[in-house]
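A.B. asks: sequence and predicted model, in that order:
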Amino acid sequence: MSALALNAEALYPELLRGVRSLCKSDTRLVGITSGGAWLAERLQRDLGLSGESGRVSSLMHRDDFAQRGLSAGGQTHLPFEVDGADILVLDDVLYTGRTIRAVLNEIFDYGRPARVQLAVLVDRGGRQLPIQADFAAARVALPETQSLALARDAAGTFSFDVENKA
């Protein structure tokens, strides 16, 4: 499957099915800004979960912070007690694993969860750290020269942006 053939809306029902299988009655959804947070919001609604989903920023714990600096990545908002929580982290695309490492550090700044799982819309391989998703709606191979990110239009419809890196 090529990146151009990836249809985010067609993959979403598979993500919904996978997340449903991972969730327990007390699982809290937390999306990584921005694509993961969009997924968490929609899943929270589609699963009929009460309350609101959380969102977490990887910004302050990134190992490339010196190069990236502060960007418009959004702030962490966890509307629940982290200590002892069962957390399902959601992201749009899993690649090197560095964002997930940073997100785990950010979550642990707020407390010690009982369990943290990861579900992603797309796993594109290319790991640099020993991190894997508990569920991936799709697995694809992309050249290192391409980036893949979830986009959302004003109506809330998901699509993928594929860019060639310089």
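C.D. replies: Structure received. Since this is a predicted model, take the numbers as computed values, not measurements.
A.B. asks: please make it C-alpha for all contacts and neighbour counts, starting now.
C.D. replies: Fine.
A.B. asks: helix/strand/coil for Leu15?
C.D. replies: Applying DSSP: H, G, I helix; E, B strand; the rest coil to Leu15 yields a three-state assignment of helix.
A.B. asks: residues contacting it?
C.D. replies: Listed by CA atoms under 8 Å, 6 or more residues apart in numbering, the contact set of Leu15 reads 119-121, 135-137.
A.B. asks: which is the next helix or strand following the helix or strand of the chain with the lowest mean pLDDT?
C.D. replies: For the chain, the helix or strand with the lowest mean confidence is helix 65-68, at a mean of 52 (criterion: mean pLDDT, DSSP states H and E). Reading on from helix 65-68 to the C-terminus, the next helix or strand found by DSSP states H and E is strand 86-94.
A.B. asks: so which elements touch that following strand?
C.D. replies: strand 27-32, helix 35-46, strand 115-123, strand 146-152 (3 or more CA pairs under 8 Å, 6 or more residues apart in numbering; DSSP states H and E).
A.B. asks: right, and Arg152 touches Asp161 too?
C.D. replies: No - applying CA atoms under 8 Å, one finds Arg152 not in contact with Asp161, separated by 9.8 Å.
A.B. asks: can you get me a residue count around Ser50?
C.D. replies: 9 (other CA atoms under 10 Å).
A.B. asks: and among the helices and strands packed on strand 86-94, the most buried is which?
C.D. replies: Mean neighbours per residue, mean count of other CA atoms under 10 Å, is largest over the helices and strands packed on strand 86-94 for strand 27-32, with a mean of 26.
A.B. asks: what residues does that one touch?
C.D. replies: Contacts of strand 27-32 (CA under 8 Å, 6+ apart): 36-41, 44, 53-58, 78, 85-91, 103.
A.B. asks: who's the residue nearest the centre of the chain bridged to?
C.D. replies: Nearest to the mean C-alpha position of the chain, by CA atoms, centre = their mean, lies Asp91 at 1.1 Å. Judged by DSSP bridges, the bridge partners of Asp91 are Val120.
A.B. asks: Leu104 - that's part of a helix, no?
C.D. replies: Yes - counting by three-state DSSP, one finds Leu104 located in a helix.
A.B. asks: just to revisit the earlier point, quick one: which of the helices and strands packed on strand 86-94 is nearest Asp63?
C.D. replies: Of all those, strand 27-32 sits nearest to Asp63, with 16.5 Å by CA to CA.
A.B. asks: neighbouring strands for the closest one, and are they parallel or not?
C.D. replies: Strand 27-32 is paired, per DSSP bridges, with strand 54-56 (parallel), strand 86-94 (parallel).
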